[in-house]
Structure formats: structure tokens, C-alpha cells
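K.L.:
using only what follows, build the 3D model:
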Amino acid sequence: MTPPYGMFSNQSLEFSNKSLESSCGEVLDNIANTKWQQWFILDHLKIDEVYEARVSYAATTPTDFILAIFDYEEVAQILQPGKKAVLQEIEEVEHMLETTTKFLRIRAKYTGVSHIPGRELIPVRYNLVLETLYLGIPYQAYKVVLVILICCALGAFVLVPIAQSLVLQIREDKRAD
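P.N.:
From the prediction side, this is the model:
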């Protein structure tokens, strides 16, 4: 799928649990008054599922990331504010494309304090992950949830009765003395 207006990154994020490595150095200039942003196309999303997009990056480059998801009309307003012709063009293209296609904008701002001049201009490398949420929990986190549930069950049904019997035994031993 070719993004409208040729203004977007050529990296399309088709739904999968894979990571994309990117760089804020590869940015779109002069869109929405910031140059530290990058756009991704989120294709083949399922309407009845909930997704989470997250960014991970090295803590050695303190950066604030702002992620926002847009549909076609919102993107047209950002790229060409007030232009009705663009909206009509988008409406014509939109019916041909899947309604499950969204656009993800990532903005980055260096928030560190450095004595090195120009440090805030160095690209920040990051990984972008798009995951499906099941009951509000990412699939990868279910292992942790399972371990927590096992520990709680073990504590409630094994350790608590053992501790309770030990306390009662010590209590009776003290009464016997």
C-alpha cells in the first residue's frame, strides 16, 4: 500500500508482534511544526481487537516520546489544514483501502541535560512494538501473570496453613510450659 502524498516513512507496520528498529533522525520535516517525528502505517488491524503500541529506547538518551494514532481524515487535516479538496481525495481513496488501516505518529523530544553541544540533535534509536491485548494484558505478560497466580495460590493454600499450624503449635507449647 502506498501512503497518500508520499509524506510518510516508507516503513509500513503490518500487524505482527515483531519489533521495528527506527531512528528519529529519519524524520519528516515541517509537518505540524516539529521535525522530530516519524509516521508509520498500521495495516491489517482487526476491528474487534485492542492493540498497544509502545516504544523502547536506551536510557542513556533521555527522550520523551508521544505516540498518537490517526485515521485518514485526521491525517489529511494535519498535512493540509483547511483544504477540502484533500479531504475529498482522502474519501475517494478511503473506500478502496481497509478501514482497519491507521497511522501512528511518534514524536520525540530530547529531555536530557548535556555539556556536549548539539547532543539534542543526535538521533535516538528506538524499537517500536505493536501488540494485541487480551483482556487488557499483552500476550507476553501472561507468563508473569501465571507465575503471580501460582505464587498466590501456593501461599494461600500451602504456606498459610503451614504457618498457621506452626504458630498454633508454638502457642500451645508456651501454654504447656
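
K.L.:
could I get the pLDDT score of the residue lying closest to residue 70 once chain neighbours are set aside?
P.N.:
Among residues not flanking residue 70 along the chain, residue 103 sits closest, at 4.6 Å (C-beta to C-beta, 6 or more residues apart in numbering). Placement of C-beta: from N, CA and C, glycine included. pLDDT, the model's per-residue confidence, is 90 for residue 103.

K.L.:
now the helix or strand harbouring residue 103: buried residues?
P.N.:
Assigned by DSSP states H and E, residue 103 belongs to strand 102-110. The neighbour-count check on strand 102-110 (16 or more other C-beta atoms under 10 Å) flags 102-108, 110 as buried.

K.L.:
for stretch 121-138, same thing?
P.N.:
Of the residues in stretch 121-138, 124, 126, 128-131, 138 count as buried by neighbour count, 16+ other C-beta under 10 Å.

K.L.:
and of those, the nearest to residue 175?
P.N.:
Closest to residue 175 out of the buried residues of stretch 121-138 is residue 138 (52.9 Å), distances taken as C-beta to C-beta.

K.L.:
one step back: which of the buried residues of strand 102-110 sit farthest apart?
P.N.:
Largest separation among those by C-beta to C-beta: 102 and 110, giving 27.0 Å.

K.L.:
contacts only, for residue 133.
P.N.:
The contact partners of residue 133, by C-beta atoms under 8 Å, 6 or more residues apart in numbering, come to 49-52.

K.L.:
typo on my end, residue 147
P.N.:
The contact partners of residue 147, by C-beta under 8 Å, 6+ apart, come to none.
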